[in-house]
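K.L.:
3D, please:
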Amino acid sequence: MDMISSRMHPIVAVILAAGRGTRMGATHLPKVCFPLLGEPAIARAVRSYVGCSIQTHCIVVGQSSEAILSVLRELPGQRLYVHQPEPRGTGHATRLAADLLHALGYEGDVLVVAGDKLVEEAFLARLIDTFYATRSDLAFAVGDVRDFPTSGRVVRDAQGKVCAIVETFDLARAQVLQRLRERAQSAPVPAEEARALIAQSFPQEHKAERALGELWHRVQRGEPVFTQHLPGEEGIRAGHQALSLSQVAGACEANLSVYLFRAPLLYEALAHLASDNAQGEIYLTDTVAVLAQRGARIHSVPVAYPQEVMAFNTPEELEAIERYLLSTQRVVVHSPPSGTRTVSEWMRAVEMRDRSLMHQLRQTYGDDTVVEAKRQRLLSLLRLHLQRFGDEPVVVARAPGRVNIMGRHIDHQGGHVNMMAIDRDLHVVVGLRTDRRVLLQNLQANRFPPREFSLDDLLPGYQPGAWAEFVNSVPILEAATAARGDWSQYVKAVCARLQAHFADYVLPGFHLTADGDIPIGAGLSSSSALVVATMEALLHLNRFELSAEQFVELCGEAEWYVGTRGGAGDHAAMKFAQRDQVVSMSFFPFRVVGSVPFPTGYRFLVCYSHQQARKTAGARDQFNHRVACYTLGREWLKYTFPHLAPRIEHLRDVNRERLGISLAELYRLLQHLPEVIERQRLLERLPVERIASALSTHDEKLDRYPLRSVVMFGLAECERSRRTTHTLQEGQVEQFARWMNCSHDGDRVVRWSPDGQTYQPFAADCSDHALQRLAALAEAGSPDADLVWQPGAYACSTPEIDWMVDRALQVQGVLGAQILGAGLGGCILVLAREEAVEAVQRALVEGYYAPRSLEPEMFVCAPVAGSSVISC
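P.N.:
Below is the predicted model of the structure:
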């Protein structure tokens, strides 16, 4: 077939563009030609397909086809055109295109999508990757019905497999008939009452007529409705099968009408379609039921957020899409950016205590002693930059360390975090170059030696929109391992993510000088602070603008480049922090839930163990192993309980409200998770495509997975963190402190004797017997059954950290203590009454630091403002 170029996985896009778009109010223009930010919708779509290497497009056109041909004439790729004389449904339009492809001998793969559909390249790449990774016969896009209430419902069978898609028109018709049937069983339904029942589903009369035919005419004539006037069928037909109304109405997934088929199966399924439905059209969606009945491999691919797949039917929907597209575009600010000065000008401002600069520092830190210390560090940083890079225009940015007082290890699972920024932070001075080289230096050169790299080397083999796939590729994972956590990796990560995001812009190189006083490897996110500060500076210098939410998302994704697989909680804390406040945030989607004043009369004390929690080699493997346990546990539950699977996207969704179960039933659900399972048994039990990515993040030697205890910790921590803001607002500081202790027990590995001389291994009991006991307590209404009191066992503490916690808790006036950060070392966080702070410090010096000949390193947290570019 000459028109279609060959490739390893050839894909032809069938674009359905015959729709008239009457609701758009312009009969002279096909709907697909309506402009989005000045570019016709179909042209924008075609560019996305070409960006994903789909070069051949078969366009189904109707009336006004000349306008479509004119729009596409100059675009890249090859085109075939098919004419649909009359609108007979999406299945009929696709059949016309398929007949042509079949006649041309095409046997590759076929993307079928509407011409007015806007599909982000990242999602399209994910759909294609899933299709090939799972060896699917069909993969298609789905979303949450709450986000797409007018889209067809994806129906699954008792085993959780996709069995059909039902259009909302057919669902509405079935619901109307059921309401009328139930009402007519006792007495005839008066015409006015029948009209009201019908209007609940079909407020527009022409749709009611199309759905109900003669029954509607009867109602229009004012005649009552008897049982015998209602159609005899019950339920809904999809393909050649009948589905119950409850089965369809209870579906949680919406069909987004983006399909990738194997061509031979598409041809076969289309041949079996009929128009026996409420609209009398041939539905493309019925191919799903046909293929499911033949045992085809069908996979749904969920969108990460609703805007990944968009479409419009009205001018208002078109405007909403344009608003979203505008929000994602970078805005060019006239040069020079505010806040950019030469190094010597900055030094004069710092030395002379420029009024604007000092005001900003006081607004950030509050305490004058801290302000003066930061001013001196900033002056040293500028001197070093001047010494090596000269008196160039620069920007100065800062990012604080952070303390997560509740919500450890769960931001990447959709949980809440409760953060404060601390007055230990990192500053960068950055000036642009005219080439693509990047030169780095650090005020602490003995720990962080100078580095140099080229921006041209950061994205080998990157495909637009496929960041997640890129960072999981072998070359990037190997490079991350070889770098062993070198500080330059975090700067590279920001550059790579920015260049991938702003693909049409060539990032220039730059000089960067850094300095910080956040303890390294202490669980205070010093590495994330480098990411955030660098992102602040580069966005400013390159005149990009992102929303705060986009900023956080890009920072989180950037850090995947170094090999870790955490979420964006640390970056969000640094960006959204407020002085003197604890800020609560949630994820997927990201939002700031609220804030609460730091409790008066109490202090948080951070105490460093001198055990560095480096995210390299074995430590990174262990971090990623625990995250993998979350993923594996979630997939085990979805596979074991397929009827619940559509409601579980993230681990946080395994809760009573989302699943519609009691607390006792939740504990019984967790009994189905294995306490410990080996990698091989997981591969034998679960579909490989669901777990392969999680298993690839860590060394295969870590081949035993404590699913139940890790999941128990995650669910309990989600609940504790969700309720933290309310608890602190109510002044229940002591209860919150008990949650801290319980949370730490979830990471605890040993329990020490009171004198600190001996310890015993520690692990919370997550056995069948323990869960049965919790279920019984829950049914009895015991407060001890509350999920917040269950530690689980994430087990990322160390014996030294556990002793620091235990010793601190022995001090009168200490309410709670827990590990900070990802674990395996770092710091502890102690909540104490204000008058007990000195006693805590003495106890830890005598009981921990002095016996180990360690320099005491402790400080009281003062919540400060979030990251920023400094101006004066």
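
K.L.:
next, the buried residues of the one helix or strand R95 maps to.
P.N.:
Here R95, judged by DSSP states H and E, is contained in helix 90-103. Neighbour-count burial for helix 90-103 flags 90-98, 100-102 (criterion: 16 or more other CB atoms under 10 Å). (Each C-beta comes from the backbone N, C-alpha and C, glycine too.)

K.L.:
mind checking how far the nearest residue to P783 once chain neighbours are set aside is from D768?
P.N.:
Taking CB to CB, 6 or more residues apart in numbering as the measure, P783 lies nearest to W789, with 8.0 Å between them; neighbours along the chain are not counted. W789 is 19 Å from D768, where distance means CB to CB, to the nearest Å.

K.L.:
wait, isn't the residue nearest to P783 in contact with S743?
P.N.:
No. Contact criterion CB atoms under 8 Å: W789 and S743 do not qualify, at 10.4 Å.

K.L.:
more neighbours: which of these two?
P.N.:
With neighbours defined as other CB atoms under 10 Å, W789 and S743 compare such that S743 has more, 27 against 16.

K.L.:
so which helix or strand takes in the closest residue to the more buried one other than its chain neighbours?
P.N.:
Taking CB to CB, 6+ apart as the measure, S743 lies nearest to Q818, with 5.4 Å between them; neighbours along the chain are not counted. Taking DSSP H and E as the criterion, the element that holds Q818 is strand 814-819.

K.L.:
could you list the low-confidence segments of the stretch 201-350 of the chain?
P.N.:
Scanning the stretch 201-350 of the chain with the threshold set as pLDDT under 70 gives 233-235, 238-240, 276-280, 326-339.

K.L.:
show me where it has strands.
P.N.:
Remark: strands assigned in the stretch 201-350 of the chain by DSSP state E, counting those that start in this stretch are 236-238, 241-243, 253-262, 298-302, 309-310, 341-342.

K.L.:
tabulate these (JSON lines), appending mean neighbour count and distance to A199.
P.N.:
Written out in JSON lines, the entries for the strands of the stretch 201-350 of the chain read as follows (neighbours: other CB atoms under 10 Å; distance: least, CB to CB, whole Å):
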{"stretch": "strand 236-238", "mean neighbour count": "24", "distance to A199": "20"}
{"stretch": "strand 241-243", "mean neighbour count": "17", "distance to A199": "25"}
{"stretch": "strand 253-262", "mean neighbour count": "25", "distance to A199": "24"}
{"stretch": "strand 298-302", "mean neighbour count": "20", "distance to A199": "33"}
{"stretch": "strand 309-310", "mean neighbour count": "22", "distance to A199": "29"}
{"stretch": "strand 341-342", "mean neighbour count": "16", "distance to A199": "66"}
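
K.L.:
V61: which of those strands is closest?
P.N.:
Closest approach to V61 among these is made by strand 253-262 (18.0 Å; CB to CB).

K.L.:
any idea of the angle the closest one forms with helix 90-103?
P.N.:
If you take axes from the mean of the first three to the mean of the last three CA atoms, to 10 degrees, strand 253-262 sits at 10 degrees to helix 90-103.

K.L.:
strand partners (parallel or antiparallel) of strand 253-262?
P.N.:
Neighbouring strands of strand 253-262 in its sheet, by DSSP bridges, are strand 109-114 (antiparallel), strand 138-144 (antiparallel), strand 153-156 (antiparallel).

K.L.:
pull the CA atoms of the last one into CSV?
P.N.:
Pointing back at strand 153-156 there. Presented in CSV, the C-alpha positions along strand 153-156 are these (Å, rounded to 0.1, in the frame of the first residue of the first chain):
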residue,chain,number,x,y,z
ARG,A,153,-20.6,4.5,30.2
VAL,A,154,-17.9,1.8,30.2
VAL,A,155,-19.5,-1.4,31.6
ARG,A,156,-17.4,-4.2,33.1
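
K.L.:
noted, bye for now.
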